[in-house]
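>>> Predicted model, plus sequence, below.
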Amino acid sequence: MRTINSPIYKSVIETHHLTIGDFYFFKNLLIAEVKEGIHLDTNNTQTLLKITNSFFKNRPFGHITNRINQYSISPLDIASYSEKLENAVSYCSIIYNNHFDEMNVKIEQHFIKKPYYIANTLEEASFWSKEKVVNTFSISA
């Protein structure tokens, strides 16, 4: 399900439609919907990184990838991308019974040094990610 068609869409604070995809910013979540056929790399994610680090400046957040489309990213680029998101405390990918996406996500998990969860719905991903942000506040307080 696309974010725009989900019940959580009503809580979106900012939306950014970039050449690589659509990105929905919530109080403590980012939901990324990458466009079909895109290959993400360190060059084409620079604008997203700037927007994200500015929006979440001094605030922890959970990064959710809603894999409604097929796209690719090299493991080294995903490691670099995640390191540049200064306040991301967790990562979650939503897969929709797609064996190809499941295999890719399991590989990506090895290159991100923060909690990483595989979900089946936006609601499940949102709940898990919000819990990680809340736990970050509890630990740092």
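Done, it's in.
>>> So for the helix or strand encompassing residue 103, what gets flagged as buried?
Under the assignment given by DSSP states H and E, the secondary-structure element containing residue 103 is helix 99-109. The neighbour-count check on helix 99-109 (16 or more other CB atoms under 10 Å) flags 101, 104, 105, 108 as buried. Every C-beta, even on glycine, is put in place using the N, C-alpha and C of the backbone.
>>> Same question for stretch 66-78.
Burial within stretch 66-78, assessed by neighbour count using 16+ other CB under 10 Å, is assigned to 66, 67, 68, 71, 73, 77, 78.
>>> any idea of the mean pLDDT in that stretch?
The average pLDDT for stretch 66-78 rounds to 91.
>>> for stretch 103-117, same thing?
Computed over stretch 103-117, the mean pLDDT rounds to 89.
>>> Report the distance from it to the chain centre.
The offset between the C-alpha centroid of stretch 103-117 and the centroid of the whole chain comes to 12 Å, using CA atoms, centre = their mean, to the nearest Å.
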